[in-house]
Every structure is written in C-alpha cells, then in structure tokens.
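> Starting from these lines, generate the structure:
(3 chains)
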Amino acid sequence: MGRMKFLCDAERCIECNGCVTACKNEHEVPWGVNRRRVVTMNDGVPGERSISVACMHCSDAPCMAVCPTDCFYKTEDGVVLHDKDKCIGCGYCFFACPFGAPQFPNGQAAFGARGKMDKCTFCAGGPEETGSQAEYDKYGSNRLAQGKLPLCAEMCSTKALLAGDANVVADIFRERVLRRGTGAEVWGWDAAYGGGEQKRERKREGQS
Amino acid sequence: MTIRMMRAQGGGFAALLLMLLLWAFALPLHAAERPAGSSAADQAERQVERPLNNAPVWRAVRSGEAHTTNVRGPEAGVLIQSEGNTWRQLRNGPITQYGGWLLILVPSAIVLFWLVKGTIRLHQPRTGRLMKRFSAFERFIHWGTAITFLVLAVTGLAILFGKHVLLPIFGHGVLAALLDVGKTVHNYVGPAFGVFVVLMILTFLRDNVWQAIDAVWIRRAGGVLDGSHVPSGRFNFGEKTWFWIGVTFLGLAVVISGLILDFPNIGEWTRSDMQTANIVHAIGAILLLGLSFGHIYMGTLGVEGAYESMKTGYVDETWAKEHHEIWYQDIKAGKSGHP
Amino acid sequence: MSRHPLKRLPVLVLAGVLSAGLSACGEVPQVTVYEQGQYRGKTDTRPWEDSEFKGDRAAWEKALKQRARNQSEYNRIQ
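Numbers count the residues shown, from 1 in each chain, chains lettered A, B, ... in the order given. Here you go, the predicted model:
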C-alpha cells in the first residue's frame, strides 16, 4: 500500500464545518481543541474559497524533527502519530508546523503549561492497544484499524475533502478536474509532501 | 588616549547591541507581506473577467496572513506559515551543531589553560587581617542568580541536546520523564532568574562602570600573558566585561526572550515572534553558558581566594592588594571603595 | 609580540571568522526519513494487526482502497 494523504478540493468546499464537527464528535476531543478547521479566504467576496485544514501527515514532518523528546513516529502508511505519554507540552511542534495542526488543551497557559499536544491522527489512534479505552481517551477512535477512512473525509457532503491512499485520491481528483476543466490546484501538497530537497532526498533513499 | 579608547568601547558595545537586535529582526521568521494581486478586490474583479481562474486566491494561500475561520485558537486563520521551517533549520542546524561544539570546546580550552598555567596563587603570605568585599545582600543576589542559572542551564541543555545525548543512553521513557520535570522546572525557575538578574545589574552597576584605569588592563591583557600585576578598582576589566556582556546584555536577552516563550500567545505575540524569541534564547543562553565557564573557573579553580570572597564576603588584605590594588588603597584610605 | 597584545586581536578574529566560515561546509541536509521499526519509542501495532483483520494485510488494503474509491461520486452514479 502506498501512502495516506488528505486532499481538500477548494472548488467544492462550502464551509459547512461538518468535518470539524464530525472530528470533534468522533474523537471526543477536549474543549478548545480542534483537530480540523475550515479557513475561508476573502470571505463574502465573489469567488471566495474555503479550505479544510488539519495535520497533513507531512513526508518530512517538521514536528518530528524538532520534538525534544522524539515522541513522534510515522507508520508504514505515512501517518504521523505521537506518543502522549512522552509529550512535555513544549509547543515546538506548534512553532514548526506549517499548517498549525498541533493543539494544546490548556491553550495559552502561563508558564508554558500547555498540556499534552493533540492533533489529527488520520483516525489511526496512537501507540496504545488498538481499540482500547486508553487509546480512545488519549487519541480518539482508531477507524483505520476497522478498515475505514478518516470520518471528516468520509462524511464530507460535497466530497471536497478526500482521504486515503495517495494514488486513489489523486485519481479521483484528476478525473474531477478533467470533467470540470478548472480548479486543478492541490492545496498544501507542496508544503506537506514536498518538492525540491525533500523529493531529492526521497529519491536518494530509494523511495518513490 | 584612554578617553578615546573608552569611547570606542562604549560605541562598540552599542554597535554590538544594535547589530544583534537588527539581526534578530532580520531573521526570516516573519510572515511575508500579502502578495500583490491577492486582495478581495482583485478577486472580485477576476471573478467577472475570468470566472474559472482563481489566481488571487491561490496567491493568498501562502501569504501567511489570517483569513476567516469559525474555529478559535492562536492564529487559526493562517493556512500555511512558512517561517516554521526556517526556525527548524536554524535550531536543528547551526544552533545545535555549533552550540554543541562551543560548549565542548570552551571547557576543554579552560581545562587546558589550567593544566598549563595552574591556579594563580598569592605571592605574599596572608596577613590574617580580613577586608569586607561583599555584603550579605550582594552574596544573596550572587548565589540566587548562580543557583537558578545552573538549574536553567542543565534543564535547558537537556531540552536542546537531550535527543542527541540522553536518548541513545537512556531511551525514550527516561528522557521524556526527565524532560517533563525539566521543562516545568525551567519554566518556573526562569522568571526567578529574571528577578535575580535585574537585582544583580542594579546592585553591581555602580562598580562596573568603565574607568580610565581599565585601559591599562586591556593593554596588558589582564596580565595573563606576561604574568604582570595590573592594578584595578573593585572590579577589573575582565569582571566588568562579564558584567556588561554576560550578565547585562546576554542575561537580559535570555530573560526577555524566555518570558515571551514562557507565556505563549499571551498578548499579541504570534508563532513567528516565539520562533525569533527561541532563536535569541538559544544563542544567548549558549553564549552566556560559554562565558559563565570562564567566570566559574576564575571564581573557583583559577584564582586562590576568589571563592572565599563570595562565600564568606571577606578577603585577606594580601589578596586585596594583589588583585584589586586601587580598591585596597581606597578602603585603607577610609573611602567607600566604590568608584 | 607580548608588548602589543592588541595587535593579535585582528589576527585572532580573522582566524575565528575563517574557521567559522569553513565549518559551514559541514552542514548536512536535515530531511529525515522515518521508517516503521526504526522508532525506538513505544511501539504501535499496525492497523491490520490486532483488529478485525487479524493480520490479513491484503484484506485491509482492499477494504481501504474500496472506501477510498467510494469517495468519487462518479463511481456511484455510473
């Protein structure tokens, strides 16, 4: 299997915030934490575009690189996960992340007491026993182990948000662009999955 | 001659300060300006002209500015912030690499110096008559600063280098447990250090003002090279340098940047501000630590009797005469000893 | 020489700047490639293990691909 990716089709997103709500409900995330958010550019102006953004599970993830306790890991499917037992809440992942994905339950707490970082897991849980209460409490539900895709994408009413194997997602999007003849911009893929140095590095490492 | 030198030093210090400040703000850690042709008006216009082309929107995507969102959180409206990657490259690259080497090389050089030169001993026998050098308040300030500084140094180093040094030895579990405590301690002790630093600057400011006599010290490099005796006031030029560059400049830089990091997103500061603060904090702390090795060496191993003076507050008259002759004469003449 | 220690300063500064500049040659690319199994922290079971797929990776991949394809409404209306 290839690599899991998110793709948000800005031509289709209608800013219903369904993905945000579904994610909160599915994972029972704490108050103040939103693993996903919808951002609208030039709101109210003709031609406005909205984009749903969460952790993009980057190839060369900046959060992994700067974490002082090295609590992040990457699964075979390219999903970036982290171990909350090892998180110290330093906020470095939040500094480094291009997408603003890392969230902290205590928010803007004095003396840097942010609490343990929480972010989108691609509905893949975390390093607790799969399907256990501990996993649910810390990371939310593990849909990937049930053979399901992230809920935000699966319930998206306009199918603006796509998730799953990169090849399948890219195929769907390509067909769509061909049919409508416009809107080929794939938002955030360059920042997350990289051009330039990252691509060269992957080639050097013998990966696709 | 001496006046000109003093002025040159003062000017050099100001220039150094200014350069560092400018440098910190010149770091590419600020969100870019909104690119031309991406405003709402551009977009509305484009929608009429060429409805299938949304270039104004896509220009705005990477601008780093805040757009509209219903979700509340720090900078939730920003889609992509590119500065984070610059911060990562700086922190994981030169700061970790060169900082690490600096913190290995400086103590090694000091140990080498000690092996070659040895401790500076008193040339004359002790008189047994003691002179008061530091008041109880001064010593309290000194040790308060020293202890909080050491606690912060150890915990701070663990945060920057723990992944490279402690992780291979102890593993993930122990490192995370250590850093969990370490980070909490660092965050709470930091402001206390800040208070001590400010008190220290106020307490010792008067005695550290540059004087004409310091030029002699500079010309003879403190007598280190030829072993000659250089007279000085209550503090010599080496100590004054530590006070101005170490305690005042680096100390305040570390304290201010540390407070920005310690109170995340409070006030108006954003990620890019905290990235800049983190870079300043790391570089300042590493340089301060490097200088502090020199100070600690001179205060303990390097000079006989120096540690006693800060421990008890008193020095032998011989020590005073050999290390701070002008101060000694001032005290003997019944003056305060302050310049 | 020892009578003019100040003259050494420019030479020392120059040497320091040169060596600092030279050390830039030692900079390495920072892109890290993480692979499953290399992480020495807490290990996580893979999604097809320890769940309803009971280690059948092919079945898990098939199920996921199917769901991914279902995201395209063209597949459903044709």
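> Residues in contact with the helix ranked longest in chain C: which ones?
Identified as the longest helix of chain C according to DSSP state H is helix C:5-23. Applying CB atoms under 8 Å, 6 or more residues apart in numbering or on different chains, the contact partners of helix C:5-23 are B:Tyr98, B:Trp101, B:Ile218, B:Arg219, B:Arg220, B:Ala221, B:Leu225, C:Met1. Glycine gets a C-beta too; all of them are placed from N, C-alpha and C.
> Just give the nearest non-adjacent residue to the fifth one, would you?
Read it as B:Arg220. Counting by CB to CB, 6 or more residues apart in numbering or on different chains, B:Val230 is the residue found nearest to B:Arg220 once chain neighbours are left out, at 5.4 Å.
> Shouldn't A:Cys16 be within a strand?
No: using DSSP: H, G, I helix; E, B strand; the rest coil, the assignment for A:Cys16 is coil, not a strand.
> sec struct for A:Gly78, please.
Following three-state DSSP, A:Gly78 is assigned to coil.
> so where do the strands sit in chain A?
Counting by DSSP state E, one finds strands in chain A at the ranges A:4-8, A:37-41, A:49-53, A:72-74, A:80-82, A:161-165.
> Now the buried members of the contacts of helix C:5-23.
By the neighbour-count criterion of 16 or more other CB atoms under 10 Å in any protein chain shown, the contacts of helix C:5-23 include these buried positions: B:Tyr98, B:Ile218, B:Arg219, B:Arg220, B:Ala221.
> Secondary structure, pLDDT and distance to B:Ala285 added to those residues, as a markdown table?
A markdown table is the format used below for the buried ones among the contacts of helix C:5-23 (DSSP: H, G, I helix; E, B strand; the rest coil; pLDDT from 0 to 100; distance: CB to CB, whole Å):
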| residue | secondary structure | pLDDT | distance to B:Ala285 |
| --- | --- | --- | --- |
| B:Tyr98 | helix | 91 | 14 |
| B:Ile218 | helix | 88 | 27 |
| B:Arg219 | helix | 86 | 32 |
| B:Arg220 | coil | 84 | 32 |
| B:Ala221 | helix | 81 | 28 |
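> and which of those residues is nearest chain A?
Proximity of these to chain A (CB to the nearest CB) peaks at B:Tyr98, which lies at 17.4 Å.
> how close does that closest one sit to chain C?
7 Å (CB to the nearest CB, to the nearest Å).
> go on, A:Thr130?
A:Thr130 sits 5 Å away from chain C, going by CB to the nearest CB.
> same deal with B:Pro56?
Taking CB to the nearest CB, one finds B:Pro56 at 29 Å from chain C.
> Could you pull up the residues touching B:Leu178?
B:Ala158, B:Gly162, B:Leu166, B:Phe170.
> Checking it next. Helix, strand or coil?
What three-state DSSP gives for B:Leu178 is helix.
> Kindly report the same for B:His229.
Going by three-state DSSP: B:His229 is coil.
> excluding its backbone neighbours, what's nearest it?
Per CB to CB, 6+ apart, closest to B:His229 is B:Gly223, 6.1 Å.
> The one you found: neighbouring residues, count only.
The local packing of B:Gly223 (other CB atoms under 10 Å in any protein chain shown) involves 16 other residues.
> doesn't B:Val230 make contact with it?
Yes: with contact defined as CB atoms under 8 Å, B:Gly223 reaches B:Val230; the gap is 4.5 Å.
> which residues are common contacts for these two?
With CB under 8 Å, 6+ apart as the test, B:Gly223 and B:Val230 both reach B:Trp217.
> which residues touch B:Ile331?
Shown in contact with B:Ile331 (CB under 8 Å, 6+ apart): B:Met131, B:Ala320, B:Gly337.
> SS state for it?
helix.
> Skipping adjacent residues, who's closest to B:Gly173 in space?
Distances taken as CB to CB, 6+ apart put A:Lys86 closest to B:Gly173, at 7.6 Å, once the chain neighbours are dropped.
> what does B:Phe137 give?
Nearest residue to B:Phe137, sequence neighbours excluded (CB to CB, 6+ apart): B:Thr203, at 7.2 Å.
> Name the helix or strand for the one you found, please.
B:Thr203 is part of helix B:136-204, with elements assigned from DSSP states H and E.
> tally of neighbours for the residue of chain C found nearest chain A?
Nearest residue of chain C to chain A, counting by CB to the nearest CB: C:Ala68, 3.1 Å away. By the measure other CB under 10 Å, the count of residues near C:Ala68 is 23.
> Am I right that it is in a helix?
Yes: assessed with three-state DSSP, C:Ala68 lies in a helix.
> distance of it from chain B?
Separation of C:Ala68 from chain B (CB to the nearest CB) stands at 25 Å.
> what do you get for A:Gly107?
Where chain B is concerned, A:Gly107 sits at a distance of 8 Å (CB to the nearest CB).
> now that residue: how far from A:Lys138?
Here the criterion is CB to CB, to the nearest Å. By it, A:Gly107 lies 19 Å from A:Lys138.
> what's the answer for B:Ile104, then?
Separation of B:Ile104 from A:Lys138 (CB to CB): 39 Å.
> Mind checking which of those two has more residues around it?
Higher neighbour count among B:Ile104 and A:Lys138: A:Lys138, with 21 against 10, using other CB under 10 Å.
> which residues sit in contact with the closest residue to the more buried one other than its chain neighbours?
Among residues not flanking A:Lys138 along the chain, A:Lys84 sits closest, at 4.9 Å (CB to CB, 6+ apart). By CB under 8 Å, 6+ apart, A:Lys84 lies in contact with A:Cys71, A:Lys116, A:Met117, A:Asp118, A:Gly126, A:Lys138, A:Tyr139.
> most surrounded residue in those residues?
A:Cys71 leads the contacts of A:Lys84 on contacts (other CB under 10 Å) with 27 neighbours.
> Check whether it really touches A:Lys86, as I assumed.
Yes: using CB under 8 Å, A:Cys71 is in contact with A:Lys86, at 3.8 Å.
> need the contact list for the closest residue to chain A within the stretch 151-300 of chain B.
At 3.7 Å from chain A, B:Ala176 is the closest residue in the stretch 151-300 of chain B, using CB to the nearest CB. By CB under 8 Å, 6+ apart, the residues touching B:Ala176 are A:Thr69, A:Cys71, A:Asp85, A:Lys86, A:Cys87, A:Ile88.
> Tell me which helix or strand comes right after the helix-or-strand element of chain B with minimal mean pLDDT.
Taking mean pLDDT, DSSP states H and E as the measure, chain B has helix B:2-26 as its least confident helix or strand, at a mean of 58. Counting by DSSP H and E, the element after helix B:2-26 in chain order, helix or strand, is helix B:40-49.
> Could you save the contacts of B:Ala176 as JSON lines and add columns showing pLDDT?
Below are those laid out as JSON lines (pLDDT from 0 to 100):
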{"residue": "A:Thr69", "pLDDT": "93"}
{"residue": "A:Cys71", "pLDDT": "92"}
{"residue": "A:Asp85", "pLDDT": "93"}
{"residue": "A:Lys86", "pLDDT": "93"}
{"residue": "A:Cys87", "pLDDT": "95"}
{"residue": "A:Ile88", "pLDDT": "95"}
